[in-house]
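> Sequence and predicted structure are below.
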Amino acid sequence: MALKATVFKVELQVSDMDRSYFQSHPLTVARHPSETDERMMVRLLAFALNAHFSFNTSEHLQFTKGLSSDDEPDLWLKNLHGDIEHWIEVGLPDERRIRKGCNRANRVAIYTYGERSASIWWKNIESNLARFDNLTIYYLSSEDTAAMANMAGRNMSLQATIQEGDIWFGDENNTIMISPEVLKASNLESP
């Protein structure tokens, strides 16, 4: 018998001072049986950091099937014609998947984490990704992702305040400051 996804209800308040974006997002997040709390919380952080792209448009940033599909990233923003404007991955995607995203979307962002595994992944893949001008890769520290995982619950009320590249991310009990390290910057405006 196959295990079913666990459903989480999230109220995510995003205050992006850099882009004057202030919005509340009621979200329903399905966590795949093989997904950890840490990965799910990184997906929520990625949503918060990229929510401003759908501001003043009828397009919306969406969670996808993610781990359940090889053809979809963890999040994406599609235009009204169905074209992918923004492809967002979490974790350590393989080079083939990154190439696919860079060829299909105008903008690609990867949020990687896991101290030892991320450094090995980046060392092995860095030179092959230099040619992609629409790709940005961020690294999140293990301390930050572990603290985020501790905030996971079936019903969450989260706040993300973004200013000058730093993120204050928290719930009603805890707040942490996250400063993502940019491993590769695109030639486009970064989120």
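Cool, got the structure.

> Surely Asp16 touches Gln159?
No. Asp16 lies out of contact with Gln159 (Cβ atoms under 8 Å); the separation is 11.8 Å. Glycine gets a C-beta too; all of them are placed from N, C-alpha and C.

> The two: which is more packed in?
Asp16 (21 against 17; other Cβ atoms under 10 Å).

> What is the burial count for the residue nearest to that one when sequence neighbours are not counted?
Closest residue to Asp16 apart from its sequence neighbours, by Cβ to Cβ, 6 or more residues apart in numbering: Ile162 at 4.4 Å. Per other Cβ under 10 Å, the neighbour tally for Ile162 reads 22.

> Spatially central, which residue of the protein would that be?
The chain has Ala46 as the residue nearest its centroid, 2.5 Å off, counting by Cα atoms, centre = their mean.

> give me every residue that touches that residue.
Taking Cβ atoms under 8 Å, 6 or more residues apart in numbering as the criterion, Ala46 is in contact with 74-75, 88, 90, 109, 111.

> let's go with 7 Å and repeat that
If you count contacts by Cβ atoms under 7 Å, 6 or more residues apart in numbering, Ala46 has them with 74-75, 88, 90, 111.

> Repeat that for Glu85.
59, 77-79, 105-107 are the contacts of Glu85 under Cβ under 7 Å, 6+ apart.

> Redo the residues you listed as CSV? Include pLDDT, neighbour count and distance to Glu181.
Formatted as CSV, these follow (pLDDT from 0 to 100; neighbours: other Cβ atoms under 10 Å; distance: Cβ to Cβ, whole Å):
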residue, pLDDT, neighbour count, distance to Glu181
Glu59, 60, 15, 29
Leu77, 92, 22, 24
Lys78, 89, 17, 29
Asn79, 84, 13, 30
Ala105, 95, 21, 23
Asn106, 93, 14, 24
Arg107, 95, 22, 19
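
> Return the list of helices and strands in contact with the helix or strand of the chain with the lowest mean pLDDT.
The helix or strand of the chain with the lowest confidence, counting by mean pLDDT, DSSP states H and E, is strand 61-63 at a mean of 87. Counting by 3 or more Cβ pairs under 7 Å, 6 or more residues apart in numbering; DSSP states H and E, the packing neighbours recorded for strand 61-63 are helix 37-50, strand 75-78.

> Look up which helix or strand Met156 falls in, please.
strand 155-163 (DSSP states H and E).

> From the contact counts, what lies against the helix or strand just after that strand?
Going down the chain from strand 155-163, the next helix or strand is strand 166-170, by DSSP H and E. Identification of packing neighbours for strand 166-170 by 3+ Cβ pairs under 7 Å, 6+ apart yields strand 155-163, strand 175-178.
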